[in-house]
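1. dropping a prediction and its sequence here:
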Amino acid sequence: QVQLVESGGGLVQAGGSLRLSCAASGRTFSSYAMGWFRQAPGKEREFVAGITWKDISTAYADSVKGRFTISRDNAKNTVYLQMISLKPEDTAVYYCAADRARSTRVSVAAAPYDYWGQGTQVTVSS
C-alpha cells in the first residue's frame, strides 16, 4: 500500500506561481509512474501532467503545456508540479496519483492509477 500526501496548494493571484509536492510512502516509489490530476467544482477530474518511472518521459495536458513542469526526486520519494503563469481556470483541487505499471508512456486516463492522494486546493484569483 502506498500513501500519497499532497502539499503546496493555496491562494495566488493570476500570473503567480506555486509548487505542489506529493510525498509517497514505501520503498518502491521509483518504480511508479506518477501523475497529477485536478478537479474543478462541477467538472470531471482531468489529467494535468505525468512522469514515467525512470523519468523516461513526461506528458502534459494542452492547457498547461509551457506553464507547468512535473519532476520527481526518487531519493525523497516526492513528485513535484511547478506551476507558473497561473490562470483563474487553473483553480481546482489537485491530486497526485501513482501507477504501479512500469510503462514507458504516461497514462492520461485516471483508471490505471492505483493510488491517490487526498488533494490540495489551488485557487487563482483574477
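-> Looks like it came in fine.

2. next SSE after the strand or helix carrying residue 95?
-> Using DSSP states H and E, residue 95 sits in strand 92-99. Downstream of strand 92-99, the next assigned helix or strand under DSSP H and E is strand 115-116.

3. what's that next one packed up against?
-> strand 92-99 (3 or more C-beta pairs under 8 Å, 6 or more residues apart in numbering; DSSP states H and E). Every residue, glycine included, has its C-beta placed from N, CA and C.

4. which helix or strand contains the residue nearest the centre of the chain?
-> Centre of the chain computed as the mean C-alpha position; nearest residue by C-alpha atoms, centre = their mean is residue 36, 2.2 Å away. With elements taken from DSSP H and E, the one containing residue 36 is strand 33-39.

5. just the CA coordinates for that strand, please, in CSV.
-> Written as CSV, here are the backbone C-alpha positions of strand 33-39 (Å, rounded to 0.1, in the frame of the first residue of the first chain):
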residue,chain,number,x,y,z
ALA,A,33,4.7,6.3,-12.8
MET,A,34,3.3,9.5,-11.2
GLY,A,35,0.5,11.8,-12.3
TRP,A,36,-1.2,15.0,-11.3
PHE,A,37,-4.9,15.4,-11.9
ARG,A,38,-7.2,18.2,-11.0
GLN,A,39,-10.9,18.6,-10.4
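
6. that older thread, what is the neighbour count of the residue nearest to the residue nearest to the centre of the chain when sequence neighbours are not counted?
-> Excluding the flanking residues, the one nearest residue 36 by C-beta to C-beta, 6 or more residues apart in numbering is residue 48, at 4.3 Å. As a burial measure, residue 48 scores 25 neighbours (other C-beta atoms under 10 Å).

7. and residue 48, what's its pLDDT?
-> Per-residue pLDDT puts residue 48 at 98.

8. ranges for the strands of the chain?
-> Applying DSSP state E to the chain gives strands spanning 4-7, 10-13, 18-24, 33-39, 46-51, 58-60, 68-73, 78-83, 92-99, 115-116, 120-125.

9. point out the other helices and strands that the fourth one packs with.
-> Using 3+ C-beta pairs under 8 Å, 6+ apart as the contact criterion, the neighbours of strand 33-39 among helices and strands are strand 18-24, strand 46-51, strand 68-73, strand 78-83, strand 92-99.
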